[in-house]
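S.K.: Build the 3D model from these lines:
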Amino acid sequence: MSEKWFDGTSAYKISEYYDYTANSEKKEEEREKQQRKRIVVNYKKLVSVLTLVFIIGISYLYANALLIQTASEHDRLTDKLEDMQVRNTQLAFDIESGIDLALVEEKAITEYGMQQPEGYQNVYVDVVQSDYTETYNATADTGIIASVIDGLKAFLMYIG
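M.R.: The predicted structure follows:
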């Protein structure tokens, strides 16, 4: 507005006063409307953030529950494995202690006709202990004819 709605001691210009008050009421309503809009937007943001935090918290608790369940299953299976190993050790001891070598020897002699080897039948092998291993790799392909000849040699040595 370019003019004032009153001038010093003069009376109010009623038309301008009504325009001014109507505009100020509209502006006030507009400010209140924008403020309500901001409040609603802020409320929606708050609800969104709280929902997100809640979902993250629930996910964290679920992951921890799965971890605890898996750890307890692992502990249970480890205990079961240890029990089985102890039982296997006990059974192996029982089996070994239950074998009577004299009974085995008597059964071998009487039922199967076996006998102790004579002194000339024993062969002793001198094994040299070394800290390395030698490997032989025979992958050379000599051809079909050479492999047939090697096969025949092996067969003749087997029957001869």
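S.K.: What is the least confident helix or strand in the chain?
M.R.: helix 144-159 (a mean of 85; mean pLDDT, DSSP states H and E).
S.K.: now stretch 54-61: mean pLDDT?
M.R.: For stretch 54-61, the mean per-residue pLDDT is 95.
S.K.: now swap in stretch 37-47 and tell me
M.R.: What stretch 37-47 shows for mean pLDDT is 95.
S.K.: Show me the contact partners of it.
M.R.: Counting by C-beta atoms under 8 Å, 6 or more residues apart in numbering, stretch 37-47 makes contact with no residue outside itself. (Glycine included, C-beta is placed from N, CA and C.)
S.K.: Give the buried residues for that stretch.
M.R.: The neighbour-count criterion (16 or more other C-beta atoms under 10 Å) identifies no buried residues in stretch 37-47.
S.K.: pull the longest helix from the protein.
M.R.: Looking across the chain with DSSP state H, the single longest helix is helix 14-98.
S.K.: for that helix, the distance to its chain's centre please.
M.R.: 23 Å (C-alpha atoms, centre = their mean, to the nearest Å).
S.K.: That one: what's the following helix or strand?
M.R.: Going down the chain from helix 14-98, the next helix or strand is helix 101-110, by DSSP states H and E.
S.K.: which helices and strands sit right next to that following helix?
M.R.: In this structure, helix 101-110 makes packing contacts with no helix or strand, judged by 3 or more C-beta pairs under 8 Å, 6 or more residues apart in numbering; DSSP states H and E.
S.K.: Show the average pLDDT along that helix.
M.R.: 89.
S.K.: Dump that helix to PDB, restricted to CA.
M.R.: What follows is helix 101-110, C-alpha atoms only, in PDB (Å, rounded to 0.1, in the frame of the first residue of the first chain):
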ATOM      1  CA  LEU A 101      46.900-113.400  20.600                       C
ATOM      2  CA  ALA A 102      47.400-117.000  21.900                       C
ATOM      3  CA  LEU A 103      43.900-117.800  20.900                       C
ATOM      4  CA  VAL A 104      44.400-116.300  17.400                       C
ATOM      5  CA  GLU A 105      47.600-118.300  17.000                       C
ATOM      6  CA  GLU A 106      45.900-121.600  18.100                       C
ATOM      7  CA  LYS A 107      43.000-121.000  15.700                       C
ATOM      8  CA  ALA A 108      45.400-120.200  12.800                       C
ATOM      9  CA  ILE A 109      47.400-123.400  13.400                       C
ATOM     10  CA  THR A 110      44.400-125.700  14.000                       C
END
